[in-house]
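1. Based on what follows, work out the 3D shape:
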Amino acid sequence: SKEKCDWLLKEGGADVALNYKDYKNAAELSKALAEAAPNGINCYFENVGGMHFEAALNNIAFFGRIAMCGMISMYNAKEAEPVPAAIANVIARSVLMQGFIVSNYFNLAPQFAAEVAPLLAQGKIKFRESVYEGLEKAPDAFLGLFKGENFGKAVVRVGPDKA
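-> The predicted structure follows:
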């Protein structure tokens, strides 16, 4: 949404923010990405799939890196989406693409907490949350994730904060 893009630019420290809803297809989004990153995308976190993945592949830089964590556009699809032709750029541009599942890295949780907690406390990492009050709101919170209704992390508060 425009609101999310504005927050990224004003509060989140982003240089550029694109609202995917402004683009009808991968070609339009690819053009916008090319304008935003004329030297290509060096690092891309893939969590969506579909036209977003295709547009990123079209703009990935030589020796770029892609972390594959999810493809939400396919979670409820009746048929698998075709692999974009731009996947060939992984080879042509010597791109490193690796899949990962967070649960494979639980052993790093203490190190993560030690490094990230101070950055959060200092305000160097900024975040937003959509807070839903009461357990009865859990379905709304969950379904809202797939509709883009949340702003940042969706949290269901089931009792008073003890902090």
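2. So for the lowest-mean-pLDDT helix or strand in the chain, what gets flagged as buried?
-> Scoring the helices and strands of the chain by mean pLDDT, DSSP states H and E places helix 138-147 at the bottom, with a mean of 90. Going by neighbour count (16 or more other C-beta atoms under 10 Å), the buried part of helix 138-147 is 141, 144. Bear in mind the C-beta positions are built from the backbone N, C-alpha and C, glycine included.
3. Only C-alpha atoms, please: export that helix in PDB.
-> Below are the C-alpha coordinates for helix 138-147, written out as PDB (Å, rounded to 0.1, in the frame of the first residue of the first chain):
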ATOM      1  CA  ALA A 138      -6.800 -15.000  15.600                       C
ATOM      2  CA  PRO A 139      -8.600 -16.100  12.400                       C
ATOM      3  CA  ASP A 140      -8.800 -12.500  11.200                       C
ATOM      4  CA  ALA A 141      -5.100 -12.000  11.900                       C
ATOM      5  CA  PHE A 142      -4.200 -15.100  10.000                       C
ATOM      6  CA  LEU A 143      -6.400 -14.500   7.000                       C
ATOM      7  CA  GLY A 144      -5.300 -10.900   6.900                       C
ATOM      8  CA  LEU A 145      -1.700 -12.000   6.200                       C
ATOM      9  CA  PHE A 146      -2.800 -13.400   2.800                       C
ATOM     10  CA  LYS A 147      -4.700 -10.300   1.900                       C
END
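4. just checking, what packs against that helix?
-> In terms of contacts (3 or more C-beta pairs under 8 Å, 6 or more residues apart in numbering; DSSP states H and E), helix 138-147 is packed against strand 129-133, strand 153-157.
5. Kindly recompute the last result at 6 Å.
-> strand 153-157 (3 or more C-beta pairs under 6 Å, 6 or more residues apart in numbering; DSSP states H and E).
6. elements contacting the strand it packs on?
-> With contacts taken as 3+ C-beta pairs under 6 Å, 6+ apart, strand 153-157 sits against strand 129-133, helix 138-147.
7. Would you tell me which of those gets closest to residue 38?
-> helix 138-147 (32.9 Å; C-beta to C-beta).
8. which one of the helices and strands packed on strand 153-157 lies closest to residue 44?
-> Nearest to residue 44 among these is helix 138-147 (21.1 Å), distances taken as C-beta to C-beta.
9. Run the chain-centre distance for the closest one.
-> Centroid displacement of helix 138-147 relative to its chain, using C-alpha atoms, centre = their mean, to the nearest Å, is 17 Å.
10. Tell me the backbone dihedrals of the residue nearest to the spatial centre of the chain, please.
-> Nearest residue to the geometric centre of the chain (C-alpha atoms, centre = their mean): residue 47, 5.4 Å. The phi and psi values for residue 47, taken as degrees, to the nearest 10, are phi -140, psi 0.
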